[in-house]
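1. next one to model:
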Amino acid sequence: MPLTIIGTMVARPEAQIELEELLIAQVEPTRNEAGCINYDFHVDAADSCIFVFYENWESEAVWSSI
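-> Okay, here's the model as predicted:
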């Protein structure tokens with residue numbers, strides 16, 4: 001059964017840029033993981049300190065093995 005994960009991170013304003021850069025750097029490697037169907041990263045339009053991830057994996061077993 002596929003697994004969907006929705007995650008939210010909130011940065012302190014003084015760390016927003018640094019955290020955003022670190023999180024963006026994880027998009028491609030995560031998408032390339034075996035079993036990853038999609039991995040989307042979003043920045044909240046109303047608050048640039050709020051980051052949201054939307055992930056779909058083939059299964060929980062695949063996801064937990066990475």
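
2. buried residues, the longest helix seen in the chain. List them.
-> Secondary structure of the chain per DSSP state H: the longest helix is helix 16-24. By neighbour count on 16 or more other Cβ atoms under 10 Å, the buried set for helix 16-24 is Gln16, Glu20. Glycine gets a C-beta too; all of them are placed from N, C-alpha and C.

3. and that helix, what does it pack onto?
-> With contacts taken as 3 or more Cβ pairs under 8 Å, 6 or more residues apart in numbering; DSSP states H and E, helix 16-24 sits against strand 36-43, strand 50-57.

4. select, out of those strands, the one closest to Pro13.
-> Among these, strand 50-57 comes nearest to Pro13, with 11.3 Å by Cβ to Cβ.

5. what's the next secondary structure element after the closest one?
-> Once strand 50-57 ends, the next helix or strand along the chain (criterion: DSSP states H and E) is helix 60-64.

6. about what we covered before: which SSE is immediately downstream of the longest helix of the chain?
-> Along the chain past helix 16-24, the next helix or strand (assigned with DSSP H and E) turns out to be helix 27-31.

7. just how off-centre is that following helix within its chain?
-> Distance, stretch centre to chain centre, for helix 27-31: 9 Å (Cα atoms, centre = their mean, to the nearest Å).

8. can I get it in PDB, CA atoms only?
-> What follows is helix 27-31, C-alpha atoms only, in PDB (Å, rounded to 0.1, in the frame of the first residue of the first chain):
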ATOM      1  CA  VAL A  27      14.700  17.500  -3.000                       C
ATOM      2  CA  GLU A  28      16.700  15.800  -5.900                       C
ATOM      3  CA  PRO A  29      18.400  13.200  -3.700                       C
ATOM      4  CA  THR A  30      15.100  12.200  -2.100                       C
ATOM      5  CA  ARG A  31      13.300  12.000  -5.500                       C
END
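
9. that helix packs against which elements?
-> Identification of packing neighbours for helix 27-31 by 3+ Cβ pairs under 8 Å, 6+ apart yields strand 36-43.
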